[in-house]
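Student: Sharing a model that was predicted from the sequence below.
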Amino acid sequence: MPLASCPRCKTLFNKGQDPSQEGPSVCAKCVDDEEADYEAVRAYLEEHPSRSAAAVARATDVAESCVLRFVAEGRIKNVTTREAIKCGRCGAPAISTSKRLCEGCLNKLNQQLAAEQASVRLPPKQDASGKPKPAAGSEGGMGSAPGRLRDVIDTKRRLR
Ligand SMILES: [Zn+2]
Ligand SMILES: [Zn+2]
């Protein structure tokens, strides 16, 4: 009888005899929790499709490994699981595929944006001054103060 380690509580449990049938993926004790998590993830994805597994996990308070398990089992589909996408600032899983930022850094950026907007006015034609354009989407390319501000604004827009 095939034993498996429960991904939730790590105890060994019987995964079921029939190889043609997918046995339960968690132990009997964890089934209710697993289903509750599944329901939370499913409901969240209905309103927020195509989020990353990490973002879904954070928003629903479900373990990311659990979200990925639902994906692996084919129970949920509209979630992005490209794990290569990491926050360009701190390496945490990013919440967006278009701009690689984690939620924490996004919040920091928003605060930074608010602070900089309060103190700095963006010059209307910065590029005409002959300064090199800050490359859009460059690898963590935080340049001069105006460039950084623009990057922050750009980041915010993309994440809308
Ligand atoms: Zn368990
Ligand atoms: Zn980060």
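Tutor: Alright, I've got the coordinates. Ligands and ions are numbered 1, 2, ... in the order given.
Student: Look up the pLDDT of residue 153 for me, please.
Tutor: Looking at residue 153, its pLDDT stands at 75.
Student: element containing it, please.
Tutor: Using DSSP states H and E, the element containing residue 153 is helix 145-158.
Student: Check residue 67 too.
Tutor: helix 64-72.
Student: what does residue 76 give?
Tutor: Counting by DSSP H and E, there is no helix or strand that carries residue 76.
Student: OK, contacts around it?
Tutor: Going by C-beta atoms under 8 Å, 6 or more residues apart in numbering, residue 76 touches 38, 41, 42, 45, 67, 70. Yep, even glycine has a C-beta here, placed from its N, CA and C like the rest.
Student: Contact partners for the third one?
Tutor: With C-beta under 8 Å, 6+ apart as the criterion, the residues that contact residue 42 are 75, 76.
Student: Give me the pLDDT for it.
Tutor: Reported pLDDT at residue 42 in the predicted model: 94.
Student: now it, what's its secondary structure?
Tutor: Reducing the assignment to helix, strand or coil with DSSP: H, G, I helix; E, B strand; the rest coil, the entry for residue 42 is helix.
Student: Touching, residue 57 and residue 69? I think so.
Tutor: No. Taking contacts as C-beta atoms under 8 Å, residue 57 lies outside contact range of residue 69: 11.0 Å.
Student: related to what we said a few turns ago, so does the helix holding residue 67 get close to ligand 1?
Tutor: No. Applying C-beta under 5 Å from the ion, one finds helix 64-72 out of contact with ligand 1, separated by at least 11.4 Å.
Student: Run through the neighbouring helices and strands of that helix.
Tutor: Other elements packing on helix 64-72 under the criterion 3 or more C-beta pairs under 8 Å, 6 or more residues apart in numbering; DSSP states H and E are helix 31-47, helix 53-60.
Student: Single out the most deeply packed of these.
Tutor: For these, the largest average neighbour count (mean count of other C-beta atoms under 10 Å) is found in helix 53-60, namely a mean of 22.
Student: neighbouring contacts of it?
Tutor: 37, 40-41, 44-45, 48, 51, 62-64, 66-68, 71, 79-81, 83, 92-96, 102-103.
Student: Just the buried subset of those, written out for ChimeraX, thanks.
Tutor: When burial is assessed using 16 or more other C-beta atoms under 10 Å, the buried subset of the contacts of helix 53-60 is captured in ChimeraX by this command:
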select :37,40,41,44,45,51,62,64,66,67,68,71,79,80,93,94,95,96,102,103
